[in-house]
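J.: dropping the sequence and predicted coords here.
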Amino acid sequence: MPPFRIGHGYDIHRIVDDRPMVLGGVTFDVPFGLDGHSDADALTHAVCDALLGAAGLPDIGHFFPNDDPAFKGIDSQKLLAQVAVELSNRGWSIGNIDASLIAEKPKIAPQLDKMKSHLAASAGISVSQVGLKATTNEGAGSIGRSEAIAAHAVALIFRQEANPIEAP
């Protein structure tokens, strides 16, 4: 087994009216949000999948099924914290996370630092270990028509010495 591994995650959710917009654990003050079983935080879901993939584990839906009432409306930061515990219990530490949000609206840039802080805290790592960017889709496709928001994430994990973390 190599001492480090890399994973990729992707998520996309449709934009709907009258639902909170949550990205990276930050609630945006807009009259629309993302459709989904949990809080539909596409960014955090992509990060979870990148971490799980790096460890060779099944995706987020395996651990937190969208037909399980226990996860209805759940804060995705709690899911990320559980993923970090799962990795730690299997002997992995998070080296870094790098993610990109693709959205025409809302404006993401003013919230990037806050989102990085939330992701880092939930993953149990330093803010300096989280990279985060935002871009638009230049009007192309469902994202460009403001019908959806997507996120890509990559994560590096490495073998830890010991000391698994405990769930919050």
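T.: In hand now; what should we look at? Numbering: from 1, shown residues only.
J.: please report how far the one residue sitting closest to the centre of the chain lies from Gly144.
T.: A centroid search over the chain (CA atoms, centre = their mean) returns Thr44, at 1.5 Å, as the residue closest to the centre. Taking CB to CB, to the nearest Å as the criterion, Thr44 is separated from Gly144 by 23 Å. Bear in mind the C-beta positions are built from the backbone N, C-alpha and C, glycine included.
J.: show residues contacting the longest strand seen in the chain.
T.: Of all segments of type strand in the chain, defined using DSSP state E, the longest is strand 4-17. When contacts are taken as CB atoms under 8 Å, 6 or more residues apart in numbering, the neighbours of strand 4-17 outside the stretch itself are 31-36, 40, 42-43, 45-56, 92, 95, 142-143, 146-159.
J.: 6 Å instead?
T.: The set of residues that contact strand 4-17 without belonging to it, under CB atoms under 6 Å, 6 or more residues apart in numbering, is 32, 34-36, 40, 42, 45-46, 49-50, 53-54, 147-148, 150-158.
J.: now these: which count as buried?
T.: The neighbour-count test (16 or more other CB atoms under 10 Å) marks 32, 34, 36, 40, 42, 45-46, 49-50, 53-54, 148, 150-157 as buried among the contacts of strand 4-17.
J.: so which of those are in helices?
T.: Residues from the buried ones among the contacts of strand 4-17 lying in helices, with DSSP state H as the criterion: Ala42, His45, Ala46, Asp49, Ala50, Gly53, Ala54.
J.: redo those residues as TSV? Include distance to Gly73 and pLDDT.
T.: Compiled in TSV, these are given as follows (distance: CB to CB, whole Å; pLDDT from 0 to 100):
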residue	distance to Gly73	pLDDT
Ala42	15	98
His45	14	98
Ala46	19	98
Asp49	20	98
Ala50	23	98
Gly53	25	98
Ala54	28	98
